[in-house]
Each structure stands twice: as C-alpha cells, then as structure tokens.
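Novice: Return a 3D structure for these sequence lines:
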Amino acid sequence: MPSTLDEGEYFAAYRRSLEDPEGFWLDAARDIDWATPPGRALDSSRAPLYGWFPDGRLNTCHNALDRHVEGGHGDRVALVYDSPVTDTVASYTYRELRDEVARFAGVLSDLGVTKGDRVAIYLPMIPEAVIAMLACARIGAVHSVVFGGFAAHELATRIDDARPKVVVSASCGIEPSRLVPYKPLLDAALTRAHHQPDHCVIRQRRQLPADLTERDIDWDEAMSKAAPVDCVTVDARDPLYVLYTSGTTGRPKGVVRDNGGHAVALRWSMENVFGAGPGDVFWAASDVGWVVGHSYIVYAPLLTGCTTVLYEGKPVGTPDAGALWRVVAQHRVNTLFTAPTAIRAVKREDPEGTLLRGHDTSSLRHLFLAGERLDPGTQHWAGGLLGIPVIDNWWQTETGWPIVANPVGLDPLPVKPGSAAVPMPGYDVRVLDTAGREVDAGTDGAVAIRLPLPPGTLTSLWGDDEWYVRSYLSAYEGYYLSGDGGHKDADGYVFIMGRTDDVINVAGHRLSTGALEEVLSGHPDVAECTVVGVADALKGQVPRGFVVLKAGTVRSPEEVVAELVALVRETIGPVAALRRVDIVAALPKTRSGKILRRTMREIADGGDPELPSTIDDPTVLDTLRPVLRGEA
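Specialist: Numbers count the residues shown, from 1 in each chain. Modelled structure (predicted):
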C-alpha cells in the first residue's frame with residue numbers, strides 16, 4: 001500500500017478493492033445494464049481460474065449502443081472515422097451505429113453464426129471493423145481480430161486455433177506509400193490453414209477491389225439484403241473475444257476476455273482512470289488489432305457514452321508530424337491515448353513543436369501513453385509542448401485495462417517521471433525475488449500480481465487452461481507473473497524497467513536496460529534509443545546502445561556518442577561498461593511500437609532469429625543487421 005498517499009479517493013478505492021472486492025465490484029457493476037443483475041462478484045470455484053459475476057447475464061453490444069439510444073442519446077456522435085490516407089472524415093451517431101451493427105449482425109446470422117461461434121476479423125482501420133466486432137457481441141459470437149496486413153502464415157495459425165465460422169476482411173489496406181492487398185493474403189492463409197470457414201465477407205475498397213470466389217460475399221450486397229437482429233443475452237462469463245499475443249513457443253496465445261467482467265472494468269476505468277465521461281471525445285490512436293484498440297477505441301468509450309475516434313493514418317507521414325494535433329483540434333478531442341513511440345516519432349521530426357502552431361488543442365485535457373516504457377525525456381517534452389498532464393500507464397494484452405496508472409478521475413496523484421504511478425483497484429501488485437519473497441522498496445525484482453486478478457482480465461487461453469496456468473500462474477504460487485521487472489518506491493509508485501529478460505549481467509552486476517535507456521534518452525539530441533546486452537568473453541555481457549537523433553541535430557555523431565558514453569558513466573557508473581553507441585536511422589519495432597530488443601540481441605550474438613510476425617518494417621532490421629554484428 002502507498003505509505004504517503006493514505007488519504008483521498010484513490011487510496012480509499014484501492015484499499016476497498018482489496019479488502020472488500022465483492023462489494024467494490026458489485027457497486028461498479030451498477031453502471032452496466034444487466035438482463036439478470038449479478039448477486040455476487042467473485043467466483044473462486046475453479047481457482048486459480050477465477051471468474052466474475054457468475055450469476056449475471058447481459059449483452060455487451062446493448063451496453064455499448066442500444067442503451068444510449070433508449071436513454072435519449074441516439075443523436076450523440078458515437079464514432080468519428082478520420083482517414084487521411086483516403087481523405088475521408090465521417091461520423092456515426094449512436095442510432096446510426098446501432099442500426100449498422102444490428103444489420104451486420106443479421107448478415108452473420110444469415111450465414112449461420114450463432115452464440116459461441118467464432119468470427120475472425122481481418123480489417124484495416126475502417127468503421128466496418130468496429131461494426132463487425134459489435135455485431136459479434138450482439139449475437140453472442142466470439143470475435144478474434146487479427147491485425148490487418150498480418151502475413152498469411154500468422155493469419156493461418158490464428159484461423160486454425162480459433163476455428164471461425166466466418167472471416168470478415170477487406171480487399172485492401174492503405175498505407176501512406178502503398179496499398180496492401182488483404183484478399184490475396186487471406187486466400188494464401190486459407191490455403192495453409194487446416195480449418196476452413198464457411199464464408200468470407202469482403203469489404204470492397206475502391207482503391208484496390210478484389211476478385212471474389214464462391215465462398216466470398218460482398219459486404220455491401222449482404223448488408224442490402226439483411227434484416228437487423230436484436231441483442232442475444234449471454235452469461236457474464238461467456239467469452240466476448242479472443243485476442244492473440246505472441247507466445248514464446250511460436251504458437252500464439254489466445255487471450256480470452258469475458259463479457260461481464262470486461263464491461264464492468266472498462267466502464268469503471270473510463271471515468272476513474274482516464275477521467276472521461278458521457279459526451280467526451282476520446283481518441284485512442286492505436287489499432288483495433290491490438291488490445292488498446294479493443295478496450296479504448298471500441299468498448300470502453302462506447303460503454304461510457306463517449307465519442308470515439310477511429311483514425312486510419314500515422315502519427316507522422318499522413319501528411320506530417322502535426323497529424324495528431326490536427327485530429328485533436330478538428331474533432332475537439334478531450335483525451336488522447338497513444339504509445340510513447342508515436343510521440344517520439346513526432347519529437348524526432350518536429351523537435352521544436354512548430355507543427356502544433358495553428359491547431360487549437362485547448363480541448364485536450366490529458367495525454368495518456370502506454371504500450372512500452374515512457375522515458376522521462378519524452379514525458380517532459382510532450383508536457384511542455386501541450387501544457388497538459390502527460391500520464392503514463394502500464395498494462396498488457398492479458399489484463400485488458402491498466403494495472404498501474406494515475407487515476408485522474410479519482411484524484412490525480414503527483415507525477416514521478418519514470419513511474420507509471422500506482423496500482424489500480426483490484427491489482428495487488430508485488431515485486432518478488434527469485435524465491436518468491438517480496439523485496440524492499442527500491443529493489444528490482446519480478447513484478448507479479450496477487451490472485452485473483454480483477455474483472456476484465458484474461459480468464460484463460462483459448463482452449464487450453466493448462467497452458468494458461470503454466471505460462472502465467474506457476475512461477476509463484478498465488479500470483480500472476482507479468483513477465484516485467486521493476487521496483488516500487490517508498491510511496492508505492494511502480495517503476496517498470498522492462499521485460500525480465502531485458503536485464504544485462506555485466507561481470508555479475510545486474511543492470512536494467514530501462515535505466516540505461518533513461519540516461520541516453522535524456523540527451524537533448526536523442527529522439528529515441530534502445531540498449532541491448534550482447535555477449536562478451538570477459539564480462540559475460542556488455543551493453544550496446546542504439547540511438548536515433550532528432551531531425552536538425554547540428555553536432556556530429558561522434559560528439560553525441562562521446563557525450564552519451566560519458567553521461568552513462570557519470571549517472572550509473574563505470575560498472576555499466578557502455579562503450580559503444582551506434583547512431584542509426586531507425587529502430588526495428590512491432591506495429592504496436594515495441595522495440596525488438598530480443599531480436600536485436602540474438603542477431604548481435606551471431607544468431608539468425610525468425611522475425612516476429614508483428615514486425616512493422618523488416619527493412620529497418622535488414623539495414624541494422626551489419627551494425628549489430630559489428631560489420632559496419
């Protein structure tokens with residue numbers, strides 16, 4: 001428990017959530033419409049596979065759309081679609097979106113999809129992606145969204161695992177400099193997959209129409225013939241969706257999210273964590289293929305009655321590094337949630353923030369950043385530029401909503417750069433040593449969460465409870481292992497320093513890559529950076545730094561490198577042994593913005609790892625490969 005934050009709404013809520021989870025979450029459940037209200041919250045009958053609201057029945061789509069229409073808010077804007085790559089802006093009121101969703105639910109029903117069936121969604125960032133997700137929820141089907149443009153092999157593995165009755169896709173996706181033909185990728189995936197869906201519904205885009213086969217159904221034609229259908233009531237513990245995250249074995253893990261706990265937790269988080277209420281404009285600049293897109297583009301804003309922004313573009317390049325500020329100003333966004341990588345990209349291209357000028361961003365109250373560690377330099381830069389709080393938060397695909405955050409809707413806490421702030425209600429966060437003992441404040445260890453996890457978190461892995469237990473619950477009895485390392489300070493603030501395998505052992509001294517990166521990112525000429533540990537015959541491992549400079553840097557790379565090496569020695573000490581820093585044009589990342597540290601480390605150590613399916617631009621890694629191996 002925080003020692004100096006023992007007053008105020010946050011502390012009272014957090015303490016109650018751990019001491020009286022039954023009462024806390026039943027109270028939170030009152031913000032959801034139930035067909036059968038739950039009489040109890042926590043179900044421990046299958047521990048450690050806990051469940052929530054076992055006797056409750058509801059429909060998530062009804063809570064996201066119908067109840068707002070029925071409550072007199074049908075003319076409120078529910079969804080704004082902003083697509084600089086197609087020069088399109090469109091909006092849907094809650095009534096219009098409800099009607100589109102109900103009709104596409106009719107399309108799925110006509111194709112034989114019923115409660116419990118799976119539907120794979122492989123779409124770009126277009127309104128049809130949101131419509132398809134909510135249509136599945138409307139009829140009790142389980143959707144599995146695969147990031148648009150994923151390679152055929154990766155799509156095939158997910159189809160084989162989820163075994164969907166229908167696949168919903170598009171003819172193409174649109175990138176700033178190219179068209180991505182989705183339909184050929186889908187066809188290639190289906191030739192590889194053992195499971196075959198009954199039908200594929202294809203949204204034809206005029207930029208690159210696709211040839212359809214007998215199995216394929218044109219979205220527009222199907223919608224013109226379908227009748228709308230009503231919501232189907234499901235049990236709170238019935239699955240809402242399966243979302244795949246990378247597995248260490250190469251087999252993707254299908255994270256299962258339930259209906260009841262998910263709705264309650266996301267509804268609670270919007271007002272209490274993010275400070276967003278009905279009628280606010282909320283923009284999660286992410287993708288529906290990722291958990292942030294599921295939680296905070298689609299479900300949480302609509303459950304709350306907000307206007308949500310769906311953006312088909314990039315933070316830079318569509319057309320420039322002022323894209324974020326243009327969208328905020330044009331749509332009067334109140335809350336922006338994106339990844340630190342997006343802000344670093346803007347900072348790199350426009351370090352003085354000149355492209356902010358001319359955009360009225362006075363509507364913006366908060367900038368939330370998550371998805372990777374937020375370095376203090378980026379936090380200070382964004383806060384200084386925008387003049388608003390920049391709030392870090394830490395969570396995972398598995399948890400579905402923030403584990404650690406600064407709850408601006410309760411009482412905003414002091415910001416500590418480098419920390420994602422404090423555990424949210426329901427998350428009993430501990431830092432453990434290798435023997436499972438809790439460590440002292442300031443000591444790094446494995447970040448774990450004492451069971452049970454709160455509502456909204458994963459209930460299992462799709463079709464494999466044993467794999468779930470083995471992967472997350474077996475390292476420390478009674479705990480969920482996050483896979484991240486870090487520490488708490490005396491006030492209970494949590495500092496996440498990176499994955500537990502991102503620890504460098506230099507001659508017996510354990511160093512966090514996050515601590516080293518924090519030093520490098522503090523240099524005024526550094527836009528973004530990473531540090532990886534590479535094998536060394538003498539010391540076991542030594543750190544190597546890779547730095548991308550800001551646009552317009554006038555000093556020579558040699559000067560900057562010398563200053564960075566000296567800065568690490570001065571801040572962390574000579575034990576850090578950072579001797580080599582390479583200036584590079586870009587860092588290899590996943591599509592969600594995470595830097596591929598493990599892949600870089602394996603290449604530097606002479607390996608030839610298989611590229612992760614989530615890599616954004618393989619050419620970046622190809623260019624970096626000779627540098628990693630010391631050949632350039």
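Novice: After the helix-or-strand element of the chain with minimal mean pLDDT, heading C-terminal, what element do we hit next?
Specialist: One helix or strand of the chain scores below all others by mean pLDDT, DSSP states H and E: strand 509-512, with a mean of 62. For strand 509-512, the following helix or strand on the C-terminal side (DSSP states H and E) is helix 513-521.
Novice: how far out from the middle of the chain is that next one?
Specialist: 23 Å (Cα atoms, centre = their mean, to the nearest Å).
Novice: got a list of contacts for that helix?
Specialist: 373, 375-378, 418, 486, 496-498, 502-504, 526, 528-533, 543, 545, 547, 564, 567-568, 571-572, 576, 578, 581, 597 (Cβ atoms under 8 Å, 6 or more residues apart in numbering). The way it works is simple: take the backbone N, C-alpha and C, and place the C-beta from them, glycine included.
Novice: tally of neighbours for Ala90?
Specialist: 12 (other Cβ atoms under 10 Å).
Novice: does it really touch Tyr81, like I thought?
Specialist: Yes: under the criterion of Cβ atoms under 8 Å, Ala90 makes contact with Tyr81 at 4.7 Å.
Novice: Show me where the stretch 201-350 of the chain has its helices.
Specialist: Secondary structure of the stretch 201-350 of the chain (DSSP state H, counting those that start in this stretch): helices at 219-225, 260-272, 291-293, 300-304, 323-331, 340-349.
Novice: and if you look at the stretch 501-632 of the chain?
Specialist: 513-521, 557-571, 597-604, 618-628.
Novice: same check, this time on the stretch 1-150 of the chain
Specialist: 9-19, 21-28, 60-61, 67-68, 94-110, 127-139.
Novice: in the first one, what counts as buried?
Specialist: Yep, that's helix 9-19 we're talking about. For helix 9-19, burial by neighbour count (16 or more other Cβ atoms under 10 Å) applies to 10-11, 13-14, 17-18.
Novice: Next, the angle helix 260-272 makes with that helix.
Specialist: Helix 9-19 runs at 160 degrees relative to helix 260-272, counting by axes from the mean of the first three to the mean of the last three Cα atoms, to 10 degrees.
Novice: now the angle from helix 9-19 to helix 21-28?
Specialist: 130 degrees.
Novice: could you dump helix 9-19 to CSV, C-alpha only?
Specialist: The C-alpha coordinates for helix 9-19 follow below in CSV (Å, rounded to 0.1, in the frame of the first residue of the first chain):
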residue,chain,number,x,y,z
GLU,A,9,-10.4,8.9,-3.2
TYR,A,10,-7.7,6.7,-4.8
PHE,A,11,-6.5,5.2,-1.6
ALA,A,12,-10.0,4.6,-0.3
ALA,A,13,-11.0,2.9,-3.6
TYR,A,14,-7.8,0.8,-3.8
ARG,A,15,-8.0,-0.4,-0.2
ARG,A,16,-11.6,-1.3,-0.5
SER,A,17,-11.0,-3.2,-3.8
LEU,A,18,-8.5,-5.5,-1.9
GLU,A,19,-10.3,-5.8,1.4
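Novice: Quick one: residues in contact with it.
Specialist: Helix 9-19 is contacted by residues 1-2, 5, 23-25, 272, 407, 410-411, 413, 422-426, 428, 454 when judged by Cβ under 8 Å, 6+ apart.
Novice: if we can go back for a sec, out of the helices of the stretch 201-350 of the chain, which comes closest to Pro124?
Specialist: helix 291-293 (11.8 Å; Cβ to Cβ).
Novice: tell me how far the closest one is from the chain's mean position?
Specialist: On Cα atoms, centre = their mean, the centre of helix 291-293 falls 4 Å from that of its chain.
Novice: One more: stretch 477-495?
Specialist: 19 Å.
Novice: Can you list the buried residues in it?
Specialist: Using 16+ other Cβ under 10 Å as the test for burial, stretch 477-495 gives 479-489, 491-495.
Novice: number of nearby residues for Ala226?
Specialist: 18.
Novice: give the contact list for it.
Specialist: 103-104, 106-107, 110.
Novice: Mind giving me the PyMOL select for the residues you listed, buried ones only?
Specialist: Selection of buried members from these for PyMOL, criterion 16+ other Cβ under 10 Å:
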select buried, resi 103+104+106+107
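Novice: CSV please, covering the contacts of Ala226 and showing pLDDT.
Specialist: Output for the contacts of Ala226, formatted as CSV (pLDDT from 0 to 100):
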residue, pLDDT
Arg103, 98
Phe104, 98
Gly106, 98
Val107, 98
Asp110, 98
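Novice: Compile the contacts of Ala226 into TSV and extend it with columns for distance to Arg57.
Specialist: Output for the contacts of Ala226, formatted as TSV (distance: Cβ to Cβ, whole Å):
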residue	distance to Arg57
Arg103	25
Phe104	23
Gly106	22
Val107	25
Asp110	25
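Novice: and which of the contacts of Ala226 is nearest to Thr60?
Specialist: Lowest distance from Thr60 to the contacts of Ala226 (Cβ to Cβ) belongs to Phe104, with 15.3 Å.
Novice: Could you measure from the closest residue to that closest one other than its chain neighbours over to Trp219?
Specialist: Leaving aside its chain neighbours, Phe104 sits nearest to Ala135 (4.1 Å; criterion: Cβ to Cβ, 6 or more residues apart in numbering). Look at Ala135 and Trp219: by Cβ to Cβ, to the nearest Å, they are 12 Å apart.
Novice: ok, the spatially closest residue to Leu413 that is not a sequence neighbour - contacts?
Specialist: Leaving aside its sequence neighbours, Leu413 sits nearest to Asn406 (Cβ to Cβ, 6+ apart; 5.3 Å). Counting by Cβ under 8 Å, 6+ apart, Asn406 touches 389, 391-393, 412-413, 415, 420-422.
Novice: and what of Glu372?
Specialist: Glu372 touches 339-341, 593-595, counting by Cβ under 8 Å, 6+ apart.
Novice: can you pull the pLDDT of it?
Specialist: Per-residue pLDDT puts Glu372 at 77.
Novice: what does Gly250 give?
Specialist: Gly250 is assigned a predicted lDDT (pLDDT) of 56.
Novice: now swap in the one 5 residues further on and tell me
Specialist: pLDDT, Val255: 97.
Novice: ok, now which ones touch it?
Specialist: By Cβ under 8 Å, 6+ apart, the residues touching Val255 are 242-245, 291, 397-398, 458, 461-462.
Novice: Lowest pLDDT pick from the residues you listed?
Specialist: Where pLDDT dips furthest among the contacts of Val255: Thr245, at 85.
Novice: Hmm, Lys253 and it touching each other?
Specialist: Yes: between Thr245 and Lys253 a contact is recorded at 5.2 Å, counting by Cβ under 8 Å.
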